[in-house]
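Novice: Okay, sequence plus prediction incoming.
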Amino acid sequence: MDRKWAILLLLAGMVWAPLGCKKVGDELSEYPFYLKTLDDRLEFAVKNLHSDQPNISLPHVLLADMNNAVVTMRDNYQGANRDAAMAKLDAVRQELERGLGTVLRLTPNAVFLLPEKKASDVTVIVDKMYEKYKAEFHPLVKGK
């Protein structure tokens, strides 16, 4: 009896799984997982930088995340605005890097505030980048 139930459940799963996964697959093809992950990480960094104990090393990680997203888009993104979206994301990343260079010393292993700079200076730069990201990059990949 147990074996029959196991086989029945397996067959039911094989029939229903593609139906349930189709919507998830469609969502992923419309807005890739790596871009959703980048959105989540940017939002987390912005919230963290506005907290009582901001982590000023997060923007350094964001630079790598944004660069990796551009590389991944080059290899995998199939959207109609592929080249424009890649160029915009890279431009936003470069602007963030330039801005951070005015307040942080970025090394491969550590991040330091430059003399007379504060964590709030980092927050202002990341906020500006995040607004530009949402206003200029999102419409290219989300159509909104």
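Specialist: Looks like it arrived, so ask away.

Novice: In the chain, where is pLDDT below threshold?
Specialist: In the predicted model, the chain carries pLDDT under 70 at residues 1-30, 143-144.

Novice: Look up how far residue 126 lies from the spatially closest residue to residue 76 that is not a sequence neighbour.
Specialist: Nearest in space to residue 76, with sequence neighbours left out and distances taken as C-beta to C-beta, 6 or more residues apart in numbering, is residue 32 at 6.9 Å. Where C-beta positions appear, they are placed from N, C-alpha and C, glycine not excepted. The gap separating residue 32 from residue 126 is 23 Å, by C-beta to C-beta, to the nearest Å.

Novice: if I pick the closest residue in space to residue 45 that isn't next to it in sequence, what's in contact with it?
Specialist: In this structure, residue 45 finds its nearest non-sequential neighbour in residue 58, 4.3 Å apart by C-beta to C-beta, 6+ apart. Contacts for residue 58 (C-beta atoms under 8 Å, 6 or more residues apart in numbering) come out as 44-45, 48-49, 126.
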